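1. what's the 3D shape of this:
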Amino acid sequence: MDAEHSARNNAVELVERKCPCCGWNCPTRRTGGHARAGGVQVDRLVEGAPIGHLDPEQDVFLRWRNARGGRGFGFPTLRTITLPEAAQDPRWRPYVATLVAWARRVVALGDRLGL
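-> Sure thing, here's the model as predicted:
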């Protein structure tokens, strides 16, 4: 996007990091869109990786939700299981195996990069 187009549309450049695990994009800066609308300027750097704070033994790996839809209903959680629980279930074991293989590649890359 060129500067003229950006200025004309009052656009803000957004830099995102893509989570290599889930594929979701997360902004590297929080600019406070709602705060900006109220006249308050917010600009803070988002620290760390989106998955760096997760405990692979305790945190939810799979979540079942009721997607009944409609405004105000949300998606209530019906059931959750952890990574170790998923590894014991033949239906979910391939998901766990894929994640473990990916994690091994990440560790190997970190070793090669000296991290």
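2. Which residue ranges of the protein form strands?
-> With DSSP state E, the ranges of strands along the chain come out as 16-18, 25-27, 29-30, 44-45, 60-65, 77-82.
3. I'd guessed L78 sits against R68; true?
-> No - between L78 and R68 there is no contact under C-beta atoms under 8 Å: 10.9 Å. Placement of C-beta: from N, CA and C, glycine included.
4. got the domain boundaries for this protein?
-> Using automatic domain parsing, the domain ranges for the chain come out as 1-51, 54-115.
5. rank those domains by pLDDT, which is bottom?
-> Mean pLDDT across the domains of the chain is lowest at domain 1-51; the value there is a mean of 61.
6. The residue nearest to P27 when sequence neighbours are not counted - how many residues pack around it?
-> Excluding its sequence neighbours, the residue lying closest to P27 (C-beta to C-beta, 6 or more residues apart in numbering) is E16, at 5.4 Å. Other residues within reach of E16, judged by other C-beta atoms under 10 Å, total 12.
7. now swap in T80 and tell me
-> 13.
8. quick one: contacts for it?
-> Neighbouring residues of T80 by C-beta atoms under 8 Å, 6 or more residues apart in numbering: V60, F61, L62, R63, W64.
9. quick one: the residue nearest to P27 and R104, what's the gap?
-> In this view, E16 and R104 are 26 Å apart by C-beta to C-beta, to the nearest Å.
10. if we can go back for a sec, spit out the contact partners of the residue nearest to P27.
-> N25, C26, P27, T28.
11. Same list (the residues you listed) but as JSON lines, adding distance to R93 and neighbour count.
-> What follows is the contacts of E16, written out as JSON lines (distance: C-beta to C-beta, whole Å; neighbours: other C-beta atoms under 10 Å):
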{"residue": "N25", "distance to R93": "28", "neighbour count": "12"}
{"residue": "C26", "distance to R93": "28", "neighbour count": "13"}
{"residue": "P27", "distance to R93": "34", "neighbour count": "12"}
{"residue": "T28", "distance to R93": "34", "neighbour count": "11"}
